[in-house]
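>>> from the sequence below, what's the structure:
(chains A, B and C)
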Amino acid sequence: MISEAAAVRRRRFGSAMTYSFLLALAIIYIFPFVIAVVTSFKTEPDATANPLSLTPNPATTSAFHQLSADQDFFTWVKNSVIVTLSVTFLRVFLDSLAGYALARLRFRGRGAAFATIVAVMAVPGVVLLIPKFLIIRQFGMYDTYYGMIVPLLVDAAGVFIMKNFFESIPVSVEESARIDGANIFRIYWSIVLPMARPALVTLFILSFQGSWNELAQFIISAQSAGLNTLTKGVAQLASGQLGSGNRYPLKLAASTLMTIPVALLFFVFQRRIMNASEGAVKE
Amino acid sequence: MAAITFDGVSKTYGDGFPAVSELNLDVNDGEFVVLVGPSGCGKTTALRMIAGLEEITGGEIRIGDRVVNNLPPRDRDVAMVFQNYALYPHMTVAENIGFALRMRKVPKQEARKRIEETARVIGLVDHLNRKPKQLSGGQRQRVAMGRAIVREPQVFLMDEPLSNLDAKLRVQMRAEISRIQRQLAVTTVYVTHDQVEAMTMGDRVAVMRRGVLQQFDAPQKLYEQPANLFVASFIGSPAMNVLEGTLGLPLPAGVGASGKRLAVGIRPEALSLATNGDGPRVRGVVQTVEALGPEQLAHVEIAAKPVLVEDVLEGLVDAEQAGELAELMTDGRATVIARLDASTSVRPDDAVELAVDTRKLHFFDLETGEACR
Amino acid sequence: MATRVWRRFREPGIRGHEAGAGWLFLLPVIVILGLFLVLPIAMAAWVSFSDWNGNGSPLGAHAHWVGLANYRDLLTTPGLDQNNFGEALRNNFYYVLLVVPVQTAVALFLAVLVNKRLKFVGFFRTAFYFPSVTSSVAITILFLFLFSPSGAINKLLSYLGASGPSWIYDPRGLFHVILGQFGVNQSGGHLANGVFLGVSYWDWLAGPSIAMCVFIIMAVFTTSGTFMLLFLAGLQGIDESVNEAAALDGASEWNKFRHITVPMIRPTIFTVVTLGLIGTWQVFDQIYVGTKGSPLNTTLTPAYLSFDTSFNNNNWGAGAAIAFILFAIIVFLTLLTRLATRNPDRVPRRRRFALTGPIGDEQVSRIGVGS
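Have a look, this model is predicted:
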């Protein structure tokens, strides 16, 4: 048995340990990003010579100037925006339709359709790289926006999220609308969908994140430089296509800029995102 | 075994809410003490402070002679039975019971002996290899008790262990818990909101309300000498009839001299149908009669005002009664409940005279709610 | 017959045209799934059995049936194809072997820390989850910078008195390096001569290359946040009173974790491990952005090899075959973990409690017998 005083000391020590662990880990997790941002403002020699230093010496925005001077970068941004917005809005619409059908509408084969979608989720993404390429080419969609957007609309997880959400809405709301004479699409569009806003927002955010950060799909669906998205363009940067060597400030500036939209989205909606991540992957 | 002492113990939450205020309580070694009161009265908080599951913001708690304010739960040698049993779902009954022994590194042979003995005491020898989800509610409750018993601790703590069981089982288990406690002679603190449980199980009962101890006495004393209006209304079922004024009833010596406004409390069994002409009586009209087999409860409307202060209302466990009383408040007429023998013939709308047993009257100061002695 | 169908349509019953609407709503998703998932797989399967070289359509005249030739070239016929495939398998195997346990343990550790009711817990949760939100491209570039020979990590190590390796340029296997410290090296003839899938036994023992280790660290960095959230959900499903009961029973923090927490989150652990397995066997993006397989093929993975063989070498048959073999590996491992997860209600033999003596009447107290 221990004494009073020792017990107090032991408890305070336990708390202190936990805090110091957390702090140390947080520093490890945040530090790389801090370095990335800081290095974007360094000159190349400075970046190579003083990789750890947190103060650029001298501080310069030349990396950013280079990026903006290079027309390519804006093309990348434009393409990313086009593809991401298209995929996101379409996914939200299509997934909510499918989710509603699976949750509320009764029709033969509903079970089978659901089982298929679940089975689909099981196919590993990377295995599908070549298959998707073949089909895209076969349909003549290669090197077009369609080829980049349409395959990304396959989103079983999104259908799941919507289906689960629709199931949690009380049926009575829809039933009273039916009695009032609304047809099925009306019920879906004007009654149920507005009520599903939280799930829709979640789906929007996750889809935005997923398609903005996507790389492999864009590699296989297009080859012309004019269709490069940010991910593909910056990847080429990293592979040293603009001259090899340590153009670190440039590369890190590009990475930083590329990360800003998703980071912003994350900080604003973090609670939603983190809750969705926990729930969506439950089996 | 050990005595437990609460010395001016308080617990205030961050927002200032006082869960327990200046509690002073002494539990003797080997005693069975019940903490009882309506929900939110602080009884569970007080219990958890003994266990070390709640921080103490003021005062001292001693187990034996040691001040345990900052001692972690695992070092207090205290066992607790939780309201929801808190069994380890992934372990068998034997492993649940034996977990504490494992933590104390009790040698395997001895542990097995103790587990088996405990299993016999709680009657679950045949279920030692089952998991909690395969057991009934009553069986799970017994495993929770077994977990506490096997440890042979200084103190047993029980947090409403019977509230999740059905009525019949509850009555059975009450008797068994009492028996086990007497057999093992371990100091026990038991929390419940059910005053019947409190009265039948406790050596002494502590009535609490809003974090403040109202009275701490043997059950009979609580019944016969309630310290205030709240205790008077809380203990006893059906509740004590509390009326304004003294109804012309004789006051004990020393009471009433100071000119305070008084209230009188008459327990239902202090009223009987008047047979001869002597003694104080109350006249009224019978409203309803409830036949309960060996006795009857007659609701009689009399010319008196009921006392409906918070103390009384909060003490009334029977919400129905409270509603009834509130209805009649405007009329200035109270309905008292009289416990009558089954052979007495009364019917609704009868005009009756009730004799009052003056030895069983209680008088209270209407301002403070305190009993007048 | 036709009138019956027509009448069914005109008088649809109380549920209206629900069946029709159901399929209509589902149609876009089903069509896209069919066209861009089912069909592609079928096409790819065909290609894996063909010798298509990228000209024209694979369904056309340029593709001929070759049976299992592609698979044989990868698995059984000695040659460059088999060599590369063997190395890719070995690299990915060690990647999986190190990443899955480490990321699971780290994620659990983070979740336990974050689950305590401390102030600023939200900040820490955000910090740990943030890397999962960024793109693999950004993270890879960042890590290439940090782990470059003159980069931040080596600078840090130099402050601690150690000199770091050249990281992504270093093809030496980790285990080879460790074994080397004990004087064990290739001179043992048996290990050098035996070959499996074109890679010598000795090379199979190489472990991940130092370069691959950079990717391993990167994987733990990016995924621990996501899995931390999964573990958090699992931890919060444990009723607090069970922890309190354990505390009263004398369990220290470590004992509580080992005997109560971990067993009670078994399902979550298996989910995390399964997801980890599925994810790590598919590592592609980072290799494409970072090293593209070098140095010396030690960061080559089956996924990247499949891509490279097809898109860069126009050997589509082999590329498709690699993809399907990978598919089989992943399915196999998933099923394996599924089997291991099944939670028997029967108590295993070693945990069974056996009674020691007969039950004496004097000792038995009958409590609510039958309840």
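>>> run the chain-centre distance for stretch B:8-19.
How far stretch B:8-19 lies from its chain's middle: 22 Å, per CA atoms, centre = their mean, to the nearest Å.
>>> pLDDT on that stretch, on average?
Stretch B:8-19 comes out with an average pLDDT of 89.
>>> do the same with stretch C:302-309
92.
>>> show me the contact partners of that stretch.
A:126, A:129-130, A:219-220, C:84-85, C:88-89, C:92, C:281-284, C:287-288, C:292-293, C:315-316, C:318-320, C:322-323, C:325-326 (CB atoms under 8 Å, 6 or more residues apart in numbering or on different chains). No exception for glycine: its C-beta is placed from N, CA and C like everyone else's.
>>> generate a PyMOL selection restricted to the buried entries among those residues.
Selecting only the buried entries of the contacts of stretch C:302-309 in PyMOL, with 16 or more other CB atoms under 10 Å in any protein chain shown as the criterion:
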select buried, (chain A and resi 126+129+130+219+220) or (chain C and resi 84+85+88+89+92+281+282+283+284+287+288+293+315+316+318+319+320+322+323+325+326)
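>>> hang on, residue B:263 in a strand?
Yes. Assessed by DSSP: H, G, I helix; E, B strand; the rest coil, residue B:263 belongs to a strand.
>>> SS state for the residue in the stretch 251-373 of chain B that chain C sits nearest to?
Nearest residue of the stretch 251-373 of chain B to chain C, counting by CB to the nearest CB: residue B:293, 25.0 Å away. Here residue B:293 is recorded as coil under three-state DSSP.
>>> which one is it nearest to, not counting chain neighbours?
Counting by CB to CB, 6 or more residues apart in numbering or on different chains, residue B:342 is the residue found nearest to residue B:293 once chain neighbours are left out, at 7.1 Å.
>>> got the contact list for that neighbour?
By CB under 8 Å, 6+ apart, the neighbours of residue B:342 are B:291, B:293-296.
>>> any idea how far chain A is from it?
51 Å (CB to the nearest CB, to the nearest Å).
>>> close to chain A: what parts of the stretch 51-200 of chain C are there?
Residues of the stretch 51-200 of chain C found near chain A (CB under 8 Å from any CB of the partner chain) are C:57-59, C:110, C:113-114, C:116, C:118, C:123-131, C:133-138, C:140-146, C:148, C:150-152, C:155-156.
>>> before we move on, back to that, can you turn the buried part of the contacts of residue B:342 into a PyMOL selection?
Here is the PyMOL command that picks out the buried ones among the contacts of residue B:342, judged by 16+ other CB under 10 Å:
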select buried, chain B and resi 295+296
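>>> dump the contacts of residue B:342 to JSON lines, plus pLDDT.
JSON lines is the format used below for these (pLDDT from 0 to 100):
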{"residue": "B:291", "pLDDT": "90"}
{"residue": "B:293", "pLDDT": "88"}
{"residue": "B:294", "pLDDT": "89"}
{"residue": "B:295", "pLDDT": "91"}
{"residue": "B:296", "pLDDT": "90"}
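>>> low pLDDT regions in chain A?
For chain A, the stretches flagged by pLDDT under 70 are A:1-5, A:71, A:240-245, A:276-283.
>>> tell me the domain boundaries of it?
A:4-40, A:71-280 (automatic domain parsing).
>>> how close does the closest residue to residue B:355 other than its chain neighbours sit to residue B:282?
In this structure, residue B:355 finds its nearest non-sequential neighbour in residue B:274, 4.1 Å apart by CB to CB, 6+ apart. Residue B:274 is 9 Å from residue B:282, where distance means CB to CB, to the nearest Å.
>>> find residues that contact each of those two.
B:353-354.
>>> neighbour count for those two, which is higher?
Neighbour count, other CB atoms under 10 Å in any protein chain shown: between residue B:274 and residue B:282, residue B:282 has more, with 23 against 17.
>>> the host helix or strand of that one packs against which elements?
Applying DSSP states H and E as the criterion places residue B:282 in strand B:281-291. The helices and strands touching strand B:281-291, judged by 3 or more CB pairs under 8 Å, 6 or more residues apart in numbering or on different chains; DSSP states H and E, are strand B:295-302, strand B:334-341, strand B:351-356.
>>> give me the buried positions along it.
Buried residues in strand B:281-291 (16+ other CB under 10 Å): B:281-282, B:284, B:286, B:289.
>>> got it, and stretch B:349-359?
Those would be B:352, B:354-356, for stretch B:349-359 by 16+ other CB under 10 Å.
>>> stretch B:358-369 too?
So for stretch B:358-369, counting by 16+ other CB under 10 Å, buried means B:361-366, B:369.
>>> what are the contacting residues of it?
Residues contacting stretch B:358-369 (CB under 8 Å, 6+ apart): B:224, B:226, B:228-230, B:232, B:240, B:242, B:244, B:246, B:249-252, B:255-256, B:260-267, B:269-270, B:279-280, B:307, B:309, B:311, B:370-372.
>>> same thing with stretch A:144-154?
A:82-83, A:86-87, A:90-91, A:94, A:120, A:132, A:135-136, A:141, A:211, A:214, A:217-218, A:221-222, A:227, A:229, C:28, C:32-33, C:36-37.
>>> ok, residue C:195 touching residue C:201?
Yes. Counting by CB atoms under 8 Å, residue C:195 does reach residue C:201; the two are 7.3 Å apart.
>>> would you mind listing where chain B has pLDDT under the threshold?
Ranges of chain B meeting pLDDT under 70: B:1, B:254-258, B:277, B:317-332.
>>> can you list the domains in it?
B:4-224, B:229-372.
>>> what's the helix or strand for the nearest residue to residue B:54 once chain neighbours are set aside?
Of all residues not flanking residue B:54 in the chain, residue B:48 sits nearest, at 4.3 Å (CB to CB, 6+ apart). Using DSSP H and E, residue B:48 sits in helix B:43-51.
>>> next one: the helix or strand just after that helix to chain centre, how far?
Per DSSP H and E, the first helix or strand lying C-terminal to helix B:43-51 is strand B:58-63. In terms of CA atoms, centre = their mean, the centre of strand B:58-63 is found 23 Å from the chain centre.
>>> pull the longest helix from chain C.
The longest helix of chain C (DSSP state H) is helix C:80-115.
>>> so how do I select the buried members of the residues of the stretch 51-200 of chain C next to chain A in ChimeraX?
To isolate the buried members of these in ChimeraX, using 16+ other CB under 10 Å:
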select /C:58,110,113,114,124,125,126,127,128,129,130,131,133,134,135,136,137,138,140,141,142,143,144,145,146,148,151,152,155
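>>> just the ones of the residues of the stretch 51-200 of chain C next to chain A in helices?
Per DSSP H, the subset of these in helices is C:110, C:113-114, C:123-131, C:133, C:136-138, C:140-146, C:152, C:155-156.
>>> bridging residues for the residue lying closest to residue B:43 once chain neighbours are set aside?
Leaving aside its chain neighbours, residue B:43 sits nearest to residue B:35 (3.9 Å; criterion: CB to CB, 6+ apart). On the basis of DSSP bridges, residue B:35 takes part in beta bridges with residue B:191, residue B:206.
>>> since that was my last question, I'll sign off now.
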